[in-house]
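no sequence on this one, just coordinates:
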């Protein structure tokens with residue numbers, strides 16, 4: 001498989017628990033504070049577990065999965081910002097633009113090397129033996 005042997009037995013189960021928590025458990029929450037407690041704690045734990053174990057054999061794939069976890073966290077933060085009414089309807093776009101910039105920075109910093117390697121591999125397609 002794609003996982004390192006030391007995490008192969010349990011990482012898929014943990015990943016599925018994260019997915020079920022973010023999709024099913026949140027549906028059962030009735031108040032925003034419950035929703036944000038569940039989603040933020042799940043997103044933070046997911047980031048920590050992934051960064052502690054780096055479960056995938058491929059470093060580039062680990063970087064992209066890390067970006068994925070951070071993007072989930074950022075989506076929750078955007079929802080939280082919208083829910084707090086800190087911005088008026090006319091200025092909420094500023095928060096969206098800033099978080100979009102953070103997202104692009106994350107993709108570049110965490111996945112930049114993998115993107116470059118992918119582009120180089122793509123350029124070599126059809127030129128080898």
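Done, it's in. Small disclaimer: the values here were computed from a predicted structure and weren't measured.

for the helix or strand harbouring residue 69, which residues meet the burial criterion?
In this assignment (DSSP states H and E), residue 69 forms part of helix 59-84. Using 16 or more other C-beta atoms under 10 Å as the test for burial, helix 59-84 gives 62-67, 69-74, 76-78, 81. (Glycine included, C-beta is placed from N, CA and C.)

the residue positioned nearest the centre of the chain and residue 22, how far apart?
The centroid of the chain falls nearest to residue 69 when counting by C-alpha atoms, centre = their mean (1.9 Å). The spacing between residue 69 and residue 22, counted by C-beta to C-beta, to the nearest Å, is 11 Å.

please enumerate the shared neighbours of these two.
residue 43 (C-beta atoms under 8 Å, 6 or more residues apart in numbering).

contacts only, for the closest residue to residue 54 other than its chain neighbours.
Counting by C-beta to C-beta, 6 or more residues apart in numbering, residue 54 lies nearest to residue 62, which is 4.9 Å off, once chain neighbours are set aside. Shown in contact with residue 62 (C-beta under 8 Å, 6+ apart): 50, 54-56.
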